[in-house]
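The following block contains a protein sequence and its predicted model.
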Amino acid sequence: MTDTAQPPRRVVLVDGSGFIFRAFHALPPMNSPDGTPVNAVYGFCTMLMKLREDTRPDHMAVIFDTKGKSFRNDFYPDYKAHRPPPPEELIPQFGLIRDAVRAFNLPSIELEGYEADDLIATYARQAAEQGADVIIVSSDKDLMQLVTDRVEMFDAMKNRTIRADEVMEKFGVAPDKVIDVQALAGDPVDNVPGVPGIGVKTAAQLITEYGDLDTLLERAGEIKQPKRREKLLENADMARVSRDLVRLKTDVPVTLPVDDFDLREPDADVLLSFIATHGFKSLTSKVKAKFGGTVDENGITEAGTGVNDVSVTKAEYELVQDEESLKKWIAKADYEGVLAVDTETTSLNAHQARLVGISIAVKPGEACYIPLTHGMGDEETEPKAAQGGFDFGSDPAGDKETADIPKQIPVKRTIELLKPLLEDRGVLKIGQNIKYDKIIFARHGIDVAPIDDTMVLSYVLDGTSHGHGMDELADLHLGYKTIKFTDVAGTGKNQLTFDQVPLDKALDYAAEDADITLRLHRLLKPRIAQEHMASVYETLDRPLVPVLAKMEALGVKVDADKLRDLSSDFATRMAALETTIHEMAGETFNLGSPKQLGEILFEKMSLPGGKKTKTGAWQTGADVLEALAAQGHDLPERLLEWRQLSKLKSTYTDALANHINPQTGRVHTSYGQTNVNTGRLSSNDPNLQNIPIRSEEGRKIRTAFIADKGCKLISADYSQIELRLLAHVAEIDALRNAFKNGEDIHASTASKVFGVPIEGMDPMVRRKAKAINFGIIYGISAFGLANQLGIPQKEAKEFIEAYFEIYPGIRDYMDRAKEFAKTHGMVRTLFGRKIFINGINDKNGMRRSFGERAAINAPIQGGAADIIKRAMIAVPGALQDAGLKTRMLLQVHDELIFEAPEAETEQAVKVIRDVMENAASLSVPLIADAGIGDSWADAH
DNA sequence: CTTCTCACG
DNA sequence: GACGTACGTGAGAAGT
């Protein structure tokens, strides 16, 4: 890589995947300060430290399996088919181990479609051919075939070197005959068939006698033992397939050469910080002795400034306009194993934006911008229809255009070159709101992975105590004022799209974005473990990013004709109502203006009960109008009807039609992952989480959400998830039992609170209990409940008292939640998500009560959000494993909507419900109900 | 750019 | 005794 690099003499290749499993089982359980299991990570770190000492390599790399299928499955689908899933405590450690490799400044290598063993085989061959000695750190017998006089293995757990002698001991043959023995003996763990009845002993004997597998199979007829002869003749093909399975591939198309494994010192403070955040205190002094550094075991620098001091110095950024230069940047990123990436486009809407350029940062201050379509209008990609009459001079149009278009690498070629890097499982891609960039890249055929997202990191750490936009984060954490988009593109009507921004300005802006993202990552990522958020980030919010990106890209089919019909129906009825209302009022006015309406109702008509808002305007909300209507006033009644139709038309039928993407014919929402204080998602552009359902008229909108041809929609929703969660976290036995017995929870509550039998219950009684149940979740007050039910406050207060009587423990839970919030300024969900509570210690009583109610509600709402996130992360894989094509489209807090080929709907429902109901294990059952239909209205 | 109203869980 | 509240969102229209 660098000019000073020496050719490799001593190369250490660590089998990272093999080590994780062995360390996990060999070491006692350990947890980081936030409770994430880390025993395998700890074992790995101590092993790496020791390895550098003991083996003194000049080149070193850690190699991992990827989780998907390998090329072996192409010719033998059952290969490794019976592997049980890894233990729950190991799962979060896979990601952390890769982080550890980076902290040690070692290359982390993996490649989709290949196992770690194949990569090791390939690199071992390459290194040996260059004359280097190779040490493979592994005890996996499958790697023993690689042993030569240049290549040895080292079992780091047992401190044992494995050479030809040890291989002979294990397999009874020399290393070059190991695959022949394995082919005969098979391997039940990896599901390699072999020849039945032949084990390692017999296999070694046979191979020794006949020389090799092919000769043996050719001459199998000569074998004296009849059983053995028969089996060999019968299973000759199986033996050959088995040999193909166990033979490691030594020509994997690896992207990084062995030369790039040259051993570099880690950044001592980065490493110390990693160690401190995971609680590996015993390693601190060893690391300091070896590498220096100034961070203590608590992650604090001795100078007291913290490792997170990242000063931003004005950097030189590079404009990339040719392939040579681009390849250089790709190599740099590959070498670092981590990069920040950002796309520049023509629109904030990822589904219709056109790619304009890409920026990449590989180190703080080291970033580039690759312009792609600057100076090119849409006509460059989508040729306009020919039109006459506008050809003014005799200037050849082509010359004019090329004069304006700067030199740029073709989009297609750039994508081709970047794809291996952006899809390399061993290279971390960091983005600020990388979901957006993932969608853009997906439209160009690139599946960006693995990822980290500074916006999501910031959200997991700080909740919504501040925004998570890059400009704000840069100012907050780096004290740096970024170049604003409006600085380069202008504002208002004359705002340029990014493809119109001159290259010099584009370079400064775009490269800075990637640079700042990388710097923010260095600062925020260590805090995740320090502040005990590893589990939330690693198992919930990070894995959710690609899931949401897919859902958004898929979109949902919407019937434009249906919307148009509804819209015109609403318009007709609104016009009629408008005439009637104007007649009643005796004058025309804007029905949509609360101000004008208030004046008509309370001044002109002098209706009673007028109240003003804090700004002095008349209140004309639905509750006020309903009260007036109940007194027999017609105008408010009609106006309510008009308002409903107006809302449905403007917000739904009309607006939704404008959101249908012309290319896909579908509506693509965008999910906000960092907007909601409690951990819920939000949906915008358009908001598909508030499509009407409660009113008959409104529900019609849902008939316009339909399945694609040959498909059905499936809607699966959690039943009473928040009440169940309340029963669980507050440990309310009576409530838990009601759920365990599958009772109607509102009727059950009503029966207990009001002392009436469930059989033949007055629906009004049940309704009251339902309101109390909901009220409890919201941090009940007598005022609120009275308002909700339209009963005197005194009566509401009695209900609440009765409720606390029958469910003792509720009050305790509420007090605990409030107390915790007062002390810590936040509450936590079951899964460890922090929810910051504003105003909990405010002097103002009203703001304080507000905070107290939020503190009661947040663990419930947030816990439910965590659970459905877990389900969303698991469902796509479960559907795929079941061989189904069903795809998840939408999430509405406790409901998931899928599109399923008709033939597989029943099977899909089973898989979906199973995943949802097992997304968390609580002391109450989780129940998901599902419906199937042609439209969302039918499926619900 | 803020306020009001109303759609959802 | 009065305050003015149910928890969490996003969007359209009016009125500054």
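In hand now; what should we look at? Numbering: from 1, shown residues only, chains lettered A, B, ... in the order given.

Show the model's pLDDT score for A:Lys177.
For A:Lys177, the model assigns a pLDDT of 93.

just A:Ile897 next, same as before
A:Ile897 is given a pLDDT of 97.

Nearest residue to it in space, ignoring adjacent ones along the chain?
Once flanking residues are discounted, A:Ile897 sits nearest to A:Leu890: 4.1 Å by C-beta to C-beta, 6 or more residues apart in numbering. All C-beta atoms are positioned from the backbone trio N, CA, C, and that covers glycine.

And the residue in the stretch 301-450 of chain A positioned nearest to DNA strand B, its phi and psi?
Distances between the stretch 301-450 of chain A and DNA strand B by C-beta to the nearest atom of the strand are smallest at A:Leu348, namely 15.1 Å. Main-chain dihedrals, A:Leu348, degrees, to the nearest 10: phi -70, psi -20.

Same check on A:Phe589?
phi -150, psi 170.

ok, now which ones touch it?
Counting by C-beta atoms under 8 Å, 6 or more residues apart in numbering, A:Phe589 makes contact with A:582, A:596-597, A:600.

and DNA strand C, which of those residues contact it?
For DNA strand C, the contacts drawn from the contacts of A:Phe589 by C-beta under 7 Å from any atom of the strand are A:Gln596.

In strands only, show me the contacts of A:Phe589.
Members of the contacts of A:Phe589 lying in strands (criterion: DSSP state E): none.

Pairing partners for A:Ala61 in the sheet, please.
A:Leu13 (DSSP bridges).

Could you report the pLDDT at the residue of the stretch 301-450 of chain A closest to DNA strand B?
So, for A:Leu348, pLDDT stands at 90.

which SS class is the residue nearest to A:Ile897?
Of the three states, A:Leu890 takes strand under DSSP: H, G, I helix; E, B strand; the rest coil.

ok so, going back, export the contacts of A:Phe589 as CSV, with columns for pLDDT and distance to A:Ser670.
Converted to CSV, the contacts of A:Phe589 look like this (pLDDT from 0 to 100; distance: C-beta to C-beta, whole Å):
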residue, pLDDT, distance to A:Ser670
A:His582, 94, 40
A:Gln596, 91, 35
A:Leu597, 92, 34
A:Ile600, 91, 40
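
how deep is the residue of the stretch 301-450 of chain A closest to DNA strand B tucked in, by neighbour count?
Neighbourhood size, A:Leu348 [other C-beta atoms under 10 Å]: 11.

Against DNA strand C, how distant is it?
Per C-beta to the nearest atom of the strand, to the nearest Å, A:Leu348 is found 12 Å from DNA strand C.

just A:Ala127 next, same as before
Taken as C-beta to the nearest atom of the strand, the span from A:Ala127 to DNA strand C is 53 Å.

do the same with A:Val909
26 Å.

Likewise for A:Lys885?
Relative to DNA strand C, and taking C-beta to the nearest atom of the strand, A:Lys885 is found at 30 Å.

And for that residue, nearest residue in space, chain neighbours not counted?
A:Pro901 (5.4 Å).

and the one you found, backbone torsions?
phi -60, psi 140.

Quick one: neighbours of it, just the number.
16.

residues contacting it?
Applying C-beta under 8 Å, 6+ apart, the residues near A:Pro901 are A:710-711, A:885-886.

Among those residues, which ones lie close to DNA strand B?
Checking the contacts of A:Pro901 against DNA strand B (C-beta under 7 Å from any atom of the strand), there are no matches.

Keep only those of the residues you listed that are in helices.
Using DSSP state H, no member of those sits in helices.

Which one (most neighbours) among the residues you listed?
A:Thr886 (24 neighbours).

quick one: the residue nearest to A:Phe705 when sequence neighbours are not counted from A:Lys481, how far?
Leaving out its chain neighbours, the residue that sits closest to A:Phe705 by C-beta to C-beta, 6+ apart is A:Trp936, at 3.8 Å. Using C-beta to C-beta, to the nearest Å, we find A:Trp936 at a distance of 46 Å from A:Lys481.

what do you get for A:Asp708?
Distance from A:Asp708 to A:Lys481, by C-beta to C-beta: 47 Å.

Also A:Glu801?
Taken as C-beta to C-beta, the span from A:Glu801 to A:Lys481 is 56 Å.

coming back round to it: now neighbour count and distance to DNA strand B too, for the contacts of A:Phe589, in CSV please.
Shown next, in CSV, are the contacts of A:Phe589 (neighbours: other C-beta atoms under 10 Å; distance: C-beta to the nearest atom of the strand, whole Å):
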residue, neighbour count, distance to DNA strand B
A:His582, 14, 18
A:Gln596, 17, 11
A:Leu597, 22, 8
A:Ile600, 22, 13
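
Closest to DNA strand C out of the contacts of A:Phe589?
For the contacts of A:Phe589, the nearest to DNA strand C is A:Gln596 (4.9 Å; C-beta to the nearest atom of the strand).

contacting residues around that closest one?
A:589-590.

how far away is it from A:Lys604?
10 Å.

Indicate the residue of the stretch 451-600 of chain A located nearest to DNA strand B.
A:Pro594 (3.9 Å).

Can you verify my assumption that that residue contacts A:Thr620?
Yes: A:Pro594 lies in contact with A:Thr620 (C-beta atoms under 8 Å); the separation is 4.6 Å.

So these two - more neighbours on which side?
Shown here are A:Pro594 and A:Thr620; by other C-beta under 10 Å, A:Thr620 has more neighbours (25 against 15).

tell me the contacts of the more buried one?
A:594, A:597-598, A:601.

give me that answer again for 6 Å
A:594, A:597-598 (C-beta atoms under 6 Å, 6 or more residues apart in numbering).

One more: A:His278?
Contacts of A:His278 by C-beta under 6 Å, 6+ apart are A:32, A:38, A:529.

ok, back up a step: sort out which of the contacts of A:Thr620 are in helices and list them.
Checked against DSSP H, these include these in helices: A:594, A:597-598.

end-to-end on stretch A:186-199?
Chord length of stretch A:186-199, first to last residue, is 8 Å (C-alpha to C-alpha, to the nearest Å).

Name the surrounding residues that touch that stretch.
A:78, A:80-82, A:184-185, A:231, A:235, A:238-239, A:242, A:245.

and that stretch, which residues are buried?
By neighbour count on 16 or more other C-beta atoms under 10 Å, the buried set for stretch A:186-199 is A:186-187, A:190, A:192-195, A:198.

which two in these are spaced the farthest apart?
Farthest pair in those (C-beta to C-beta) is A:Asp190 and A:Ile198. Separation: 16.5 Å.

need the residues of the stretch 551-700 of chain A near DNA strand B, please.
Neighbours of DNA strand B within the stretch 551-700 of chain A, by C-beta under 7 Å from any atom of the strand: A:594, A:598, A:613-615, A:617-622, A:625, A:640, A:643-644, A:647-648, A:651, A:689-695, A:698.

mean confidence for the helix or strand hosting A:Ile528?
Element membership of A:Ile528, judged by DSSP states H and E, is helix A:503-530. On average, the pLDDT along helix A:503-530 is 94.

what's the following helix or strand after it?
On the C-terminal side of helix A:503-530, the nearest following helix or strand under DSSP H and E is helix A:534-536.

Tell me which other helices or strands that following helix touches.
Applying 3 or more C-beta pairs under 6 Å, 6 or more residues apart in numbering; DSSP states H and E, we find helix A:534-536 packed against no helix or strand.

what about A:Pro85, how many residues close to it?
Neighbours around A:Pro85, by other C-beta under 10 Å: 7.

does the residue lying farthest from the centre of chain A belong to a helix or a strand, and which?
Computed with C-alpha atoms, centre = their mean, the residue of chain A farthest from its C-alpha average is A:Lys224, at 60.8 Å. Here A:Lys224 is covered by no helix or strand, with elements defined by DSSP H and E.

With that, I have no additional questions.
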